[in-house]
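Novice: Give me a 3D structure for the following:
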Amino acid sequence: MVVDVEQLYKSFGVLADAKDKACEQVDSFKVILGGVTGNTAVKRLSAQFIARFFKHFPDEAENAITALVDLCEDDDVNIRKAAVKELPHLCKSDKQYVLRLTDVLVQMLASEDNSELSVVNTSLHSMLNLDGKATLTGVLSQILNGEEEVRQKAINYLCKVLKAGGESLTKEMEVYVLDECKKVMEDVTGDEFAVLMQGLSSLQHIQTISGRQQLIDIIADQMELSKDFDVKNVDDFNRVNQCIGTALTLCSKNVHGSKFVNFICNKVLPTFTTVVEEPSTKEEGGDAKDSDKSSNLGNQQLELAKKLAELSTFCGNGETVADCVQILFEKLQEYMPLPPSLDENGQQNSTEDPKLQFSLVECLMYAFHQLGSHQQDFLTSTDSADRLKDFRLRLQYFARGTRVYINEIQASLAGKTPKELQNETENQIKLIGLKTCNNVNTLIKDLFHNPPSYKSAVILSWKKVPSKAKAASVNKKRSSDQGMAGGVAAKKKDERTLYRTPGGKYSQNISFPRGRGRGRGGRGGRQQRNNDGGYNNRY
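Specialist: Next comes the predicted model:
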């Protein structure tokens, strides 16, 4: 029998007049249930009336839920919204249905209609207030077992709930979510992992040292620290890079990142040379895709080196990363060449100029400077005399190249207006390059002391400068010969925060004069833009 609006209102009147004895009017309630097969107006009224009298008919609960769920799948978005709006009302008298109906609502998050999504979110919020744990269980169920599209939406919703927090999330519920999310993270993409970690890091009980350490352990498990690192696998780089980036936001003086430093030093650093050398081993006319892949790995290599530098400040007393000092030192030596040998006439034997990678050296030297401060006998013990002598030669030679590059950048920026410095990309690159070289210069001076010193503090070139430190830096530059000379206009107060390090474009392949030379590196030269966007000196 087809139900019309008049029959619906008649049945509604019977049930409303019966009040507490409405349970005796089963036939009238069944008429309302039959309305879900009617026209648009009948369906919308049926959704409202089913929710209104649901509590009086426990024996018809299954049929009533099925009827409303059918309306949630209707082709008409207005009918779906009417049904979704009523779902929480079914749970007010009996919370046992929260989990089941939450499962339905989470699936509806895949809708592309914004007005429908708004109603779904409102109903989910009502469910959360009725029974938080059951609601979160329903969301997590769809994350673990739902279809891909629904899974993504469920993860985003969960993250939103965790960030909002509030009284609806007790400590018991937070612990439950954390434990369940560990299961979810056994099979997640990099983007899913990042979203989940953002949500979990917002939990109240995580805002303690032990809580953040839990997240550090989760990240470590996600990285599979015992697994061999595959240098040729871009996904490996992405996974490690993303995990360590997330870990950095959690590290502090009391929450250490030592296990990540150990991972990078033992499994990633040994691959750095391989990544750099691969492009040069290809024959001319080689596969362009292979070349692009190598370039991508090289960029990610620099990103990991940056993260290593930042993590090196969160290693406590350095005991757990003691072995990393030797590894860092050896890798640093690879990027800091010895001065070329000279023939009888004082001419350089080698015709090939060294290529100095300032960005990588800044990262590696900073990390060595941080970790080495806990093992100062590494360069000063009796059996380290030859090591220190060799290192000082490399430091001295690299310092010459650094000064050459600093002089060239200063000369090229002379007379630039603040607007030109701020708006022109090439000038921004040069300014960041200048900051990189000044950092390297400061660290070299510290390590060149006898004995080596570990007292200087530098702000890494890609980090924002705190306001106080920025003011001190400006005053220092005015009295230092490393400051910007030749009338380069001073930068605005907040200007440096606008810049973001552009992947090593400014620090690859810089050459400097052959022979010993004196002073600031010999005769001046002219710059030539290389293919990577950096600068080579030609003499």
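Novice: Let me see the mean pLDDT of stretch 3-19.
Specialist: Stretch 3-19 carries an average pLDDT of 90.
Novice: would you list every one of the strands in the chain?
Specialist: 526-529, 535-538 (DSSP state E).
Novice: pLDDT of the first one, averaged?
Specialist: Per-region confidence: strand 526-529 scores 41 on mean pLDDT.
Novice: and S28, how far is that from L15?
Specialist: Look at S28 and L15: by C-beta to C-beta, to the nearest Å, they are 5 Å apart. Backbone N, C-alpha and C define where each C-beta goes, glycine included.
Novice: T425: neighbour count?
Specialist: Neighbourhood size, T425 [other C-beta atoms under 10 Å]: 11.
Novice: from here on, count from 44
Specialist: From this message on, residue numbering opens at 44, which makes the last subject T468.
Novice: D146: what's it in contact with?
Specialist: Shown in contact with D146 (C-beta atoms under 8 Å, 6 or more residues apart in numbering): G181, S184, Q185.
Novice: how close does it get to E373?
Specialist: 56 Å.
Novice: my guess is T145 meets S166, correct?
Specialist: No - the pair T145 and S166 does not pass the contact test of C-beta atoms under 8 Å, sitting 9.0 Å apart.
Novice: Same drill for those two, tell me which one is more crowded.
Specialist: Neighbours were counted for T145 and for S166 using other C-beta under 10 Å; T145 has more, 27 against 23.
Novice: Roughly how far does the more buried one sit from L183?
Specialist: Distance from T145 to L183, by C-beta to C-beta: 10 Å.
Novice: Next: N199.
Specialist: For N199, the distance to L183 - C-beta to C-beta - is 13 Å.
Novice: swap in K128?
Specialist: 24 Å.
Novice: what's the answer for F306, then?
Specialist: 29 Å.
Novice: now S424
Specialist: For S424, the distance to L183 - C-beta to C-beta - is 55 Å.
Novice: who has more neighbours, the two?
Specialist: Applying other C-beta under 10 Å to S424 and L183 shows that L183 carries more neighbours, namely 21 against 12.
Novice: What sits closest to the more buried one if chain neighbours are left out?
Specialist: Leaving aside its chain neighbours, L183 sits nearest to E223 (4.8 Å; criterion: C-beta to C-beta, 6 or more residues apart in numbering).
Novice: now Q256
Specialist: Excluding its sequence neighbours, the residue lying closest to Q256 (C-beta to C-beta, 6+ apart) is V298, at 5.7 Å.
Novice: now do K226
Specialist: Closest to K226 by C-beta to C-beta, 6+ apart is L187, at 6.8 Å.
Novice: burial measure for the one you found, as a count.
Specialist: 14.
Novice: That one contacts C224, correct?
Specialist: No - taking C-beta under 8 Å as the definition, L187 is not a contact partner of C224, at 10.2 Å.
Novice: Any stretches of the protein with poor pLDDT?
Specialist: When residues are selected by pLDDT under 70, those of the chain lie in 44, 209-210, 269, 316-341, 385-396, 509-582.
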